[in-house]
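K.L.:
predicted model, plus sequence, below.
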There are 2 protein chains.
Amino acid sequence: MALVVKKFGGSSVATPEKIIAVAQRVIRDKQPDDKVVVVVSAMGDTTDHLVELANSMTDVPTGREMDMLLSTGEQISIALLAMAFNKLGYPAVSLTGFQAGVSTNNAFNKAKITKIKPQRVLEALETGKIVVVAGFQGMTPGGDITTLGRGGSDTTAVALAGAMRADVCEIFTDVDGVYSSDPRVVKDAKRMKEITYNEMLEMARLGAVVMQPRSVEMGKHFGVPIHVRSTFSRELGTIIREEYTVEEKEFVIRGVTHDTNVAKVAVLGVPDSPGIAYKIFSALAKANIDVDMIVQSIRNVDKNIIDMVFTIAKPEIVEARAIVEEVGKELNVLGVMIEEDVAKVSVVGAGMFGSPGIAATMFGALSDAGINIEVISTSEISISCLIRAGQVDKAVNAIHACFFKEA
Amino acid sequence: MALVVKKFGGSSVATPEKIIAVAQRVIRDKQPDDKVVVVVSAMGDTTDHLVELANSMTDVPTGREMDMLLSTGEQISIALLAMAFNKLGYPAVSLTGFQAGVSTNNAFNKAKITKIKPQRVLEALETGKIVVVAGFQGMTPGGDITTLGRGGSDTTAVALAGAMRADVCEIFTDVDGVYSSDPRVVKDAKRMKEITYNEMLEMARLGAVVMQPRSVEMGKHFGVPIHVRSTFSRELGTIIREEYTVEEKEFVIRGVTHDTNVAKVAVLGVPDSPGIAYKIFSALAKANIDVDMIVQSIRNVDKNIIDMVFTIAKPEIVEARAIVEEVGKELNVLGVMIEEDVAKVSVVGAGMFGSPGIAATMFGALSDAGINIEVISTSEISISCLIRAGQVDKAVNAIHACFFKEA
């Protein structure tokens, strides 16, 4: 007997036929004594349609009303999926986020789960029912409906699994697991059997799009294994957990990721005196702009100036430019340059810390491929290089080939 | 300052443009200090679309899941209407049935309101907001979403108005009030300025379709005046209340109604002994079949038998026939005949009791028009005649002309 939470995204329940297929899939996998909770998102285009309706009312709907509107999307899916289970002879009951006990703060549109009291879920499981829960939504202590923002259904599933101490949380998706690199870029990318929470988090941070970081963090917090697998096949996918459990051919490097959604900001000729970095980065932090890959050049002894280089996400260029130029004027810098034609390639692996030569291997691979490295940054479990955007595919393949050659 | 509950049905909010028009209408009618609650139904075809989705899952969705599904319809309308108010500069907040404090029993699809605790509605009104409430829905004490069945949004509006001791509940609809007869049938039907709860209930029971009886009963229970008026004009409509307040030309008869959704059941040659009527009607009651216009013929002294005639609603013919034929066999009756080609015409008026000659006038009008009366029944405030279905329009016009001739 196992207690399992399964999550199916919007594309898995896009049509009535697909909803029935999900029900059949769940039933096929179910052992007689298994207790099964299924978390679903809104059907395919429903959310787009609702957003369109909202836009026909106003350009700036309040967050509260937007969440009142959007939360109907999952409510429709759960009712239909429960009907499908019932029709197939498996008693089921649907629960909204609120009914499933999902409490959130009141940050409408991107609320955070603050507490889960899954009493009704547990009671329904006790009576032998399959429980279908609306992902992506919850309720504030004041009784307002909220939505969790991007990747919210994954977060619901993992948090619910955690609160119920489920054996595993299965995330069904259109890829069949976590790969050593984006399979669309690297033809012979390897599917991992296991990967740690920390590695997954680092890969997500550095550009892998399989799982949103928040749900991985939630899994780590509760210690729930997250099984990322395909909606369309019964093969096992990748299990994200605290530590490896299986003896698989251990690669020190678990993934090669890339991220083209970055821009490089260079502040040139900054007077080299204490507190300068603080001035620039605190101004950016105040505007909620995340900064990454910070590098400071060696001081030019003659002029007593330095150059500062860092990266930001592309959508923040306009705001960041205004802020940095203003601070730059104050500091009397020589100039501010922002380049969009860059990309970040990274290697991630929890075992990297004790394995010298990883950086050298990576740099060598890039060098052999004729790719120039503009900025380097490292963390305990990753190394990243900023390169020209046009060279990303070549770079990722070259690095991947070095680390995964004989698997 | 007034506290007003306004209800707009599905056709009034069928498109984004119409939702904006409703918001504009409410704002135009609002005095600065008025406290306004707006109850809305689902947008036009939304419910049909949801039912279609359910049908693609199963022929027999459970009531609970159906209500989970259908209740999203109003949730979409309230969010959009609140956005429209906000956009027009009038702060508004939307509340689902549950959030507005509407408790029901757990008769899914046709739940009854058991209690209203409109605390959140009152709080929001106190802060100067327009409150938009989802009609047609509530929640059971166990936390399941329910819908109220046909005319449910009217019931929500009137019950909410009652619980809040509102000054009036305005029902906006595509007709501009309650008429002395169906204006599609009687060209010079008169719009009533006022009508009593009891008259309205009797007219609804006898075929008038303006208001569902449940919401009128609710109004009577709470003593809330119900103002039935047009969505498309600012003219006053008809106010349903306990007693008349205005001096209007008083017609003893307030309405002439008709109902073609009836069938006539004749049980012929029933042995005339005590308990026979009980046997027939208790069997029908057990199957929840409503019986009306019961007439028992004079006893045939030779054979000691009688005939029993009564009417039922057309959709219950099949079930009723089976029941009556079985009981008939037991009682050894001569035969059971069911006719569908009949209709009921009625006159309704609270003042009728003290006014002799109403029945005579009605029968005279039918006779002059060459219409045969098959069954007659009376109540304290109405007289009904069963006639051939094909003669309904002629009958209604003839009766109406007699009672409303000089108005």
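P.N.:
Yes, it's here.

K.L.:
got the buried residues for stretch A:162-178?
P.N.:
Across stretch A:162-178, burial judged by 16 or more other C-beta atoms under 10 Å in any protein chain shown covers A:162-164, A:166, A:168-173, A:175-178. Backbone N, C-alpha and C define where each C-beta goes, glycine included.

K.L.:
and that stretch, average pLDDT?
P.N.:
Computed over stretch A:162-178, the mean pLDDT rounds to 94.

K.L.:
could you export that stretch as CSV, CA atoms only?
P.N.:
What follows is stretch A:162-178, C-alpha atoms only, in CSV (Å, rounded to 0.1, in the frame of the first residue of the first chain):
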residue,chain,number,x,y,z
GLY,A,162,4.5,16.7,2.3
ALA,A,163,1.7,17.5,4.6
MET,A,164,0.2,14.0,4.2
ARG,A,165,3.6,12.3,4.4
ALA,A,166,3.0,10.7,1.1
ASP,A,167,5.4,8.1,-0.2
VAL,A,168,6.0,10.0,-3.4
CYS,A,169,4.8,12.9,-5.4
GLU,A,170,4.6,12.1,-9.1
ILE,A,171,4.8,15.0,-11.5
PHE,A,172,3.4,13.9,-14.9
THR,A,173,4.7,16.0,-17.7
ASP,A,174,5.4,16.0,-21.5
VAL,A,175,9.1,15.1,-20.9
ASP,A,176,9.9,11.7,-19.3
GLY,A,177,12.4,13.0,-16.7
VAL,A,178,15.2,15.2,-15.9
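
K.L.:
could you check how far it is from the centre of its chain?
P.N.:
14 Å (C-alpha atoms, centre = their mean, to the nearest Å).

K.L.:
ranges for the helices of the stretch 201-350 of chain A?
P.N.:
Per DSSP state H, counting those that start in this stretch, the stretch 201-350 of chain A carries helices over the ranges A:213-222, A:276-286, A:317-331.

K.L.:
ok, which of the ones you listed comes nearest chain B?
P.N.:
Taking C-beta to the nearest C-beta, helix A:213-222 is the member of these nearest to chain B, at 24.8 Å.

K.L.:
what mean pLDDT does that closest one get?
P.N.:
93.

K.L.:
give me the below-cutoff pLDDT ranges for the stretch 101-250 of chain A.
P.N.:
Along the stretch 101-250 of chain A, segments meeting pLDDT under 70 span A:246-250.

K.L.:
whichever residue of it sits closest to chain B and residue A:354: what is the separation?
P.N.:
As assessed by C-beta to the nearest C-beta, chain B sits closest to residue A:143 within the stretch 101-250 of chain A, at 5.8 Å. Distance, residue A:143 to residue A:354, using C-beta to C-beta, to the nearest Å: 52 Å.

K.L.:
the more surrounded of the two?
P.N.:
Per other C-beta atoms under 10 Å in any protein chain shown, whichever of residue A:143 and residue A:354 has more neighbours is residue A:143, with 12 against 7.

K.L.:
how about that one, secondary structure?
P.N.:
For residue A:143, the assignment made with DSSP: H, G, I helix; E, B strand; the rest coil gives coil.

K.L.:
same deal with the one 3 residues further on?
P.N.:
Local secondary structure at residue A:146 is given as strand here, using three-state DSSP.

K.L.:
burial measure for the nearest residue in space to it that is not next to it in sequence, as a count.
P.N.:
The spatial neighbour of residue A:146 that comes closest, neighbours along the chain excluded (C-beta to C-beta, 6 or more residues apart in numbering or on different chains), is residue A:111 at 3.7 Å. The tally of other residues near residue A:111 (other C-beta under 10 Å) stands at 27.
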